[in-house]
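> Sequence first, predicted coordinates after that:
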Amino acid sequence: MDTYIEQAGLKSILQKVRAGERLTIEDGRSLYNHPNILAVGYLANIVREQKNGNQAFFIYNQHINYSNICTNLCKFCAFGKEKGDALAYEMSVEEIKAKVRERLDEPIDEIHMVGGIHPDLPFSYYLDALRGIKEVRPDVHIQAFTCVEIHHLAQLAGQSVQQTLNDLVDAGLGSLPGGGAEVFSPRIRQATCERKLPGTGWLEVAKIAHQQGLRTNATMLYGHIETIDERLEHLDALRRTQDETGGFLAFIPLAFHPKNTQLTEHSGTTGINDLKNIAVSRLMLDNFPHIKAYWVMIGPKLAQVALSFGADDMDGTVKEEVITHMAGAETAQALGHKTLIRLIQEAGRQPVQRDTLYNILATY
Amino acid sequence: MTLQKIIATVEDGERLTGSDFLQLEQKASVHQLAFLAHAVRMRLHPAPTVTYVIDRNINYTDICISACKFCAFFKSPEQNNGQVLSQETLAQKIAETQNVGGTQILLQGGLHPDKPLEFYEDMLRFIKTTGIHIHGFSPPEIVHFSKLSGLTIRKVLQRLIAAGLDSIPGGGAEILNNRVRKELAPNKCDADQWIEVMETAHHLGLRTTATMMFGHIETVEERLEHLQRVRDLQDRTGSFTAFIPWPFQPDHTPLAAARKIEKTTAINYLRMLALSRIFLDNVPNVQASWVTQGPKIAQLSLFFGANDFGSTMIEENVVAATGVRFRLSEATIRQLITDAGFQPQQRLMDYTPVQ
């Protein structure tokens, strides 16, 4: 198939990919602008197989969004609400525990918990939430609080990010999810989320977490007002940070969903756009072990196809996902693990059930 | 032949044998199939155009004596809750279609137990007063009309053509293999009759499409038999305009209730689409099935052999009865095509561009 790549004018990138050489920003631009998704996907698949062979990962997890009350109110978000809004909610620690208890009969390995930047919940609430989850389900790994929330909690506690993370880890925190990265560009943040922690701040929190031995993920919200160059700067910043720390586990491109946001003039992302972001990020982020096709955002059909376009992880069974569904996602709220296994097998990959840190729990 | 030789055969523009097809199906990666199908598509259609038609499905009745096990749409005559559309309803649906730039209707219905051929002739004449193109009556309906009237297939077609029928949709082909048909749709026309209707229609000057519904009880060899029959007929007549493969949608069907059949996944849809494009070297157009796959996979289909986005289908009932309800406007279809790097072009049934 190499001739098709050469005909597509991507011979030099193919050679670099085969040799394991790092791609330049200019390469990334050629890939993003390339009209043939098959050629770009083929290249990404080479890297995907270099790094993860034929394995495709999934996790048995549960999502808990503890509150949607948020002072940031980013324009691309349909989830965050002002305090007092009719749709605003917050869960008490008891309610969080009840959510965990409801599913004790399922073999859940990870609880994924994120929420808004709440104006007045005390720091103790977050510690109690973690402790509460561990009380009900001691063995579960808690992946919680984006870098944006961590920064907020440090301010709330009046202490350093280091100390804040220490306290949270003591209470049960296992790792950080990759949310809140959006697009690092100051132009984008000014236009869409000016109250949010800046990109440099996000990266700083991630670095501190990595230095303390916490693994974290990274994301990019694409498909709104960002340019290709801004996407590439974002990927480059992540790549440089990963060179320093090696603490990122997975990169998850997140497709913007416009419904109920303040950017409804945009249409949702297309399948080609979704695949291109997965493929280009796989090619550019040569130091990230994993690229995730998050089926909640792009649908199980495209997530399955993405396993041949750079992705090696379908995320998880997920239940009660609220954030994307409030923005009009029409995907189901949960996929049974049997369905995930079948999707992976039919894609010609080996299903691997993992824990949060990518330890293999079972293969199928 | 080795896989490499088969790939070279396709790249050289030569025809695949059945055994080549089976090897390709089994051994080729999804990337290999896509590159090959796209190369065939670009050879047949060098212009970066993707076509679509503005139309509406009109199901004149849901009353049906066929009782196919894969169908969630029909009502049996005994149920007494089926209906036949009135002329007023037909007229209203056609006016709505024409108001949004629609050029044709896809007119199909259940195998009604007792309407005479004159009923269908009247329907065609009535619809024809609107001037719209009538793409209607799939082969099982034609065979059914022939049985009820005691007239030959040829005679039935001649009378329908005289009353205004313009072309025939490729539905009811399912899998053109009698083992599969006996099991799933014993009351429906058999594979030979399906071919006979199409061949006769072609001889009478009608263009038609061909479909394939896969992903239920059929084997790969039976899929091949289906493609082979379509390719052979096309060699004889050349009058198929397009091939439209789509996967069985199991929800709410008796077949899925009787035995566990999982919905075909996106990757297997794309593989079958690509294989169809590669094997059917004499059928000019291959359609994406956004109705079953949704916009994202349908867009990706344009790199797996499809050069046509099908129809806007401002009304669709049969797939919707299985709970699969994707809707796409003309504007969205155009945007998906453009975003994939192609130029959208509205067309007629025979693929003439609409200016």
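Everything's here; your move. Numbering: from 1, shown residues only, chains lettered A, B, ... in the order given.
> Show me the strands in the stretch 151-300 of chain A, by range?
Counting by DSSP state E, counting those that start in this stretch, the stretch 151-300 of chain A has these strands, from start to end: A:173-175, A:216-222, A:248-255, A:290-291.
> Counting by contacts, list what the last one packs against.
To tie it back to what came earlier, the one meant is strand A:290-291. Using 3 or more Cβ pairs under 8 Å, 6 or more residues apart in numbering or on different chains; DSSP states H and E, the elements in contact with strand A:290-291 are helix A:37-52, strand A:248-255, helix A:271-284. (Glycine included, C-beta is placed from N, CA and C.)
> So what touches it?
Strand A:290-291 has contacts (Cβ atoms under 8 Å, 6 or more residues apart in numbering or on different chains) with A:48, A:51-52, A:57, A:249-253, A:278, A:281-282, A:285, A:310-313, A:358.
> And the residue of chain A closest to chain B?
Closest approach of chain A to chain B (Cβ to the nearest Cβ) occurs at A:G271, with a separation of 3.0 Å.
> Make sure that residue is actually in contact with B:P295.
Yes - using Cβ atoms under 8 Å, A:G271 is in contact with B:P295, at 6.9 Å.
> Just want to know which of these two has more residues nearby.
More neighbours surround A:G271 than the other of A:G271 and B:P295, with 29 against 22 (other Cβ atoms under 10 Å in any protein chain shown).
> residues in contact with the more buried one?
Taking Cβ under 8 Å, 6+ apart as the criterion, A:G271 is in contact with A:I298, A:L302, B:P295, B:K296, B:I297, B:A298, B:Q299, B:L300.
> count of neighbours near residue 188?
Since no chain was named, I'll use chain A. For A:I188, the neighbour count with other Cβ under 10 Å is 22.
> ah, I was thinking of chain B
For B:K188, the count of nearby residues is 25 (other Cβ under 10 Å).
> For A:P351, see how far away it is.
Distance of B:K188 to A:P351, computed by Cβ to Cβ, to the nearest Å: 38 Å.
> And for A:L127?
For A:L127, the distance to A:P351 - Cβ to Cβ - is 36 Å.
> where do the helices sit along chain B?
Here chain B has its helices, by DSSP state H, at B:3-11, B:18-27, B:30-44, B:87-99, B:117-128, B:139-149, B:153-163, B:178-184, B:191-203, B:220-237, B:254-258, B:266-279, B:290-301, B:330-339.
> Between the ones you listed, which has the poorest mean confidence score?
In terms of mean pLDDT, the lowest-scoring of the helices of chain B is helix B:254-258 (a mean of 88).
> Just checking the distance from that one to the centre of its chain.
The chain centre lies 23 Å from the centre of helix B:254-258; the measure is Cα atoms, centre = their mean, to the nearest Å.
> sorry, back to before: could I get the helices of chain B as JSON lines with distance to B:T312?
Shown next, in JSON lines, are the helices of chain B (distance: least, Cβ to Cβ, whole Å):
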{"stretch": "helix B:3-11", "distance to B:T312": "32"}
{"stretch": "helix B:18-27", "distance to B:T312": "32"}
{"stretch": "helix B:30-44", "distance to B:T312": "22"}
{"stretch": "helix B:87-99", "distance to B:T312": "9"}
{"stretch": "helix B:117-128", "distance to B:T312": "19"}
{"stretch": "helix B:139-149", "distance to B:T312": "23"}
{"stretch": "helix B:153-163", "distance to B:T312": "25"}
{"stretch": "helix B:178-184", "distance to B:T312": "29"}
{"stretch": "helix B:191-203", "distance to B:T312": "25"}
{"stretch": "helix B:220-237", "distance to B:T312": "25"}
{"stretch": "helix B:254-258", "distance to B:T312": "28"}
{"stretch": "helix B:266-279", "distance to B:T312": "20"}
{"stretch": "helix B:290-301", "distance to B:T312": "10"}
{"stretch": "helix B:330-339", "distance to B:T312": "5"}
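> what would these look like in CSV with distance to chain A?
Supplementary listing: the helices of chain B in CSV, determined by distance: least, Cβ to the nearest Cβ, whole Å:
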stretch, distance to chain A
helix B:3-11, 9
helix B:18-27, 11
helix B:30-44, 5
helix B:87-99, 24
helix B:117-128, 35
helix B:139-149, 30
helix B:153-163, 39
helix B:178-184, 21
helix B:191-203, 28
helix B:220-237, 14
helix B:254-258, 15
helix B:266-279, 4
helix B:290-301, 3
helix B:330-339, 5
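> Looking at these, spot the one closest to B:A210.
helix B:220-237 (4.8 Å; Cβ to Cβ).
> start to end distance for stretch A:283-299?
This stretch, stretch A:283-299, spans 22 Å end to end (Cα to Cα, to the nearest Å).
> Buried residues, it. List them.
Of the residues in stretch A:283-299, A:283-286, A:288-299 count as buried by neighbour count, 16 or more other Cβ atoms under 10 Å in any protein chain shown.
> Buried ones in stretch B:232-248, by neighbour count?
For stretch B:232-248, burial by neighbour count (16+ other Cβ under 10 Å) applies to B:L233, B:Q234, B:S239, B:F240, B:T241, B:A242, B:F243, B:I244, B:P245, B:W246, B:P247, B:F248.
> gap between that stretch and the chain center?
Counting by Cα atoms, centre = their mean, stretch B:232-248 comes out at 9 Å from the chain centroid.
> I would like the residues contacting stretch A:35-50, please.
Identification of contacts with stretch A:35-50 by Cβ under 8 Å, 6+ apart yields A:1, A:4-5, A:8, A:10, A:13-14, A:17-18, A:20, A:31, A:34, A:272, A:275-276, A:278-280, A:282-283, A:286, A:291, A:308-312, B:31, B:34-35, B:38, B:300, B:303, B:340-341.
> In PyMOL, select just the buried ones from those residues.
Typed into PyMOL, the line below selects the buried ones among these, using 16+ other Cβ under 10 Å:
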select buried, (chain A and resi 4+5+8+10+13+14+17+31+34+272+275+276+278+279+280+282+283+286+291+308+309+310+311+312) or (chain B and resi 31+34+35+38+300+303+340)
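> quick one, what contacts A:I25?
By Cβ under 8 Å, 6+ apart, A:I25 lies in contact with A:L232, A:E233, A:D236.
> Give me the PyMOL select line for the residues you listed, limited to the buried ones.
Only the buried entries of the contacts of A:I25 go into this PyMOL selection, using 16+ other Cβ under 10 Å:
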select buried, chain A and resi 232+233+236
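> and of the contacts of A:I25, the nearest to B:P254?
Within the contacts of A:I25, the smallest distance to B:P254 is 52.7 Å, found for A:L232 (Cβ to Cβ).
> How confident was the prediction at the closest one?
On the pLDDT scale, A:L232 is placed at 98.
> Just give the nearest non-adjacent residue to it, would you?
Nearest residue to A:L232, sequence neighbours excluded (Cβ to Cβ, 6 or more residues apart in numbering or on different chains): A:G28, at 4.6 Å.
> Then A:G80?
In this structure, A:G80 finds its nearest non-sequential neighbour in A:C70, 3.4 Å apart by Cβ to Cβ, 6+ apart.
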